[in-house]
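Visitor: Coordinates only, no sequence provided:
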């Protein structure tokens, strides 16, 4: 309900769908008839095709070594430079016609994309071949979630519009224009254009919204208690004896560690989890497969459920604890962590 009528949606399912499971998320999006999917690398798109995903997929970082797979699996490459344009065009057969591509414009991110001085050579190259057809032209807002960068966001939008108009005049056929991401959808409605790209918003987070108002948390990370120990005063916990309970108390060992994506920075009381509705702190360093929590006075038992994050203890809360961003919390969850899906 945040989109204007007729605006298409491209859903970002790169990085294992932000840690949520690539095929399962893509399959649900396909069922609900989302217009496009986007992945970072060719292998991600190939995996989705092999799993039965048939809808259009854009590959954002194509490499020449992956061109064969892109064509074989009907994936659509992002073209961000003359070198990649010419390389892909040369790879296509002489009788190939109108292969779908997406042009990336650099309006201020300075990561990938064509800038204004590149347009004459780009348009000349496109005019010299019938192998390629531009399906979309897009750019990326650098600070759509920040009020302090609103002026720059407007500058990017205007710059993008000007460049896209030049491209359309040269090509003489329409294409999809898109620049807006999750926070841009809510903060910059004029930037919705023909399509928006929704990333972390799919998974229930938008840094622009206070308390994520209007979004529903879709993921819960939980584990269980493996063992409970009672410690005497000043006994230590974990590697290098970093964890100490000066007055003694109870610790619970739980099944999650840095190999599961629970960062070592959460150790020594920085991180918090929830057991039996109560917040508890980590004790000692985070181990590869487990960590320890101070559960003194909580009557915790083996097998009790432990919440790492949910709607109450959000990924934004965890990000603040270790001075990072919510994206990293989600995408760092390793694939060995079992995913369980509930459909409503």
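Guide: Yep, that arrived. The shown structure was predicted, so the numbers you read here are calculated from the model rather than taken from an experiment. Numbers count the residues shown, from 1 in each chain.

Visitor: ok so residue 178 is a helix residue?
Guide: No. Using DSSP: H, G, I helix; E, B strand; the rest coil, the assignment for residue 178 is strand, not a helix.

Visitor: May I have the residues that are in contact with it?
Guide: 8, 10, 136, 138, 193, 194, 195, 196, 197 (C-beta atoms under 8 Å, 6 or more residues apart in numbering). Yep, even glycine has a C-beta here, placed from its N, CA and C like the rest.

Visitor: So in terms of bridging, what pairs with it?
Guide: residue 138, residue 195 (DSSP bridges).

Visitor: Spatially, which residue comes closest to residue 2, not counting chain neighbours?
Guide: Nearest residue to residue 2, sequence neighbours excluded (C-beta to C-beta, 6 or more residues apart in numbering): residue 185, at 5.2 Å.

Visitor: Give me the helices and strands touching the helix or strand in which that neighbour is found, please.
Guide: Residue 185 is part of helix 182-187, with elements assigned from DSSP states H and E. The contact analysis (3 or more C-beta pairs under 8 Å, 6 or more residues apart in numbering; DSSP states H and E) places helix 182-187 against strand 195-198.

Visitor: which parts of stretch 81-93 are buried?
Guide: With burial defined by 16 or more other C-beta atoms under 10 Å, the residues of stretch 81-93 counted as buried are 84, 85, 88, 89.

Visitor: could I get these as a markdown table with distance to residue 174, secondary structure and pLDDT?
Guide: Formatted as a markdown table, these follow (distance: C-beta to C-beta, whole Å; DSSP: H, G, I helix; E, B strand; the rest coil; pLDDT from 0 to 100):
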| residue | distance to residue 174 | secondary structure | pLDDT |
| --- | --- | --- | --- |
| 84 | 23 | helix | 97 |
| 85 | 20 | helix | 98 |
| 88 | 22 | helix | 97 |
| 89 | 21 | helix | 97 |
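
Visitor: Residue 38 sits in which helix or strand?
Guide: Using DSSP H and E, residue 38 sits within strand 36-39.

Visitor: Now the closest residue to residue 197 other than its chain neighbours. Its backbone dihedrals?
Guide: Spatial nearest neighbour of residue 197, excluding adjacent residues (C-beta to C-beta, 6+ apart): residue 10 at 4.6 Å. Main-chain torsions, residue 10, degrees, to the nearest 10: phi -110, psi 120.

Visitor: ok, how many other residues are close to residue 10?
Guide: If you count neighbours by other C-beta atoms under 10 Å, residue 10 ends up with 24.

Visitor: That one and residue 38: what is the separation?
Guide: Distance from residue 10 to residue 38, counting by C-beta to C-beta, to the nearest Å: 6 Å.

Visitor: List buried residues within the contacts of residue 178.
Guide: Buried by 16+ other C-beta under 10 Å: 8, 10, 136, 138, 193, 194, 195, 196, 197, out of the contacts of residue 178.

Visitor: Let me know the pLDDT of the first one.
Guide: The one in question is residue 8. With respect to pLDDT, residue 8 has a value of 97.

Visitor: which of the residues in stretch 245-252 are buried?
Guide: 245, 249, 250, 251, 252.

Visitor: what's the domain layout of the chain?
Guide: 8-212, 221-331 (automatic domain parsing).

Visitor: Give me the neighbour count for residue 275.
Guide: Neighbours of residue 275 under the rule other C-beta under 10 Å: 20.

Visitor: looking at it, it is touching residue 305, isn't it?
Guide: Yes. Under the criterion of C-beta atoms under 8 Å, residue 275 lies in contact with residue 305, with a separation of 7.5 Å.

Visitor: Return the member of the contacts of residue 178 nearest to residue 76.
Guide: residue 136 (8.8 Å; C-beta to C-beta).

Visitor: For the closest one, pull up the helix or strand it's in.
Guide: Per DSSP H and E: strand 132-138 holds residue 136.
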